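Trainee: show me how the following folds:
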Amino acid sequence: MIRKLLLFLGLVALAVMLGGYLLPREVTVERSVEIEQSPEVIFSILNNMQRFNAWSPWHGLDPDARYEYFGPEQGVGAGMRWHSDKPEVGSGAQVITASQPFSRVELELDFGPEGKATAAYVIQPLEQGARVSWVLHNRFGNNPAERYVGLVLDDLVGPDFEKGLEQLKELAEGRR
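Mentor: Numbering: from 1, shown residues only. Coordinates of the predicted model:
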């Protein structure tokens, strides 16, 4: 009986591991908001790493978190490191890797042992203001366990992106 149970558990574990290889290697999370402000004003906020905490959905979660800015104040090379003992904030770094005036800012994110990702802020002009999209792209490679994280990544990060974009809207529109 015990032998059959161990065989069954082994087969289940093998199926779960092999099933992970069938999951997507890459996952993208995206949220958008319309802001009644010019793309130039929005870009000036997003292209400046030192302004990130003014609209970040995570900044208020840990008043004791530590932040360090490096590189230029804005544009390619501008970055920040953060450290928090609270798991919902965690520790890591982000740096601007590409900056296209008034339309796009790309970032590289490093969450230490939890992995790396890329993100972008995409600004599309509208008749009255702009649509801003916050896009996160994760590559899980050949790790089947990490691919399972991809199944819930949108649910984990999406609400934070929505909150951050609403706070960005308030800031850009002068209501924050």
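Trainee: elements contacting the helix or strand containing residue 32?
Mentor: Secondary-structure element containing residue 32, defined by DSSP states H and E: strand 26-35. If contacts are counted by 3 or more Cβ pairs under 8 Å, 6 or more residues apart in numbering; DSSP states H and E, strand 26-35 sits against strand 129-139, helix 144-172. All C-beta spots, glycine's among them, are computed from the backbone N, C-alpha and C.
Trainee: list the buried ones in that strand?
Mentor: Of all the residues in strand 26-35, those buried under the rule 16 or more other Cβ atoms under 10 Å are 27, 29, 31, 33, 35.
Trainee: same question, stretch 35-50
Mentor: For stretch 35-50, a neighbour-count test (16+ other Cβ under 10 Å) marks 35, 37, 39, 41, 42, 43, 45, 46, 47, 48, 49 as buried.
Trainee: just want the most central residue of this protein.
Mentor: residue 136 (4.8 Å; Cα atoms, centre = their mean).
Trainee: hmm, back to that, rank the helices and strands packed on strand 26-35 by pLDDT, which is bottom?
Mentor: Here the lowest mean pLDDT among the helices and strands packed on strand 26-35 goes to helix 144-172, at a mean of 91.
Trainee: quick one: contacts for the residue nearest to the centre of the chain?
Mentor: 28, 29, 30, 109, 117, 118, 119, 153, 157, 161 (Cβ atoms under 8 Å, 6 or more residues apart in numbering).
Trainee: try residue 130
Mentor: Neighbouring residues of residue 130 by Cβ under 8 Å, 6+ apart: 34, 35, 37, 38, 39, 42, 123, 124.
Trainee: which one is the first one nearest to, not counting chain neighbours?
Mentor: Excluding its sequence neighbours, the residue lying closest to residue 34 (Cβ to Cβ, 6 or more residues apart in numbering) is residue 131, at 5.3 Å.
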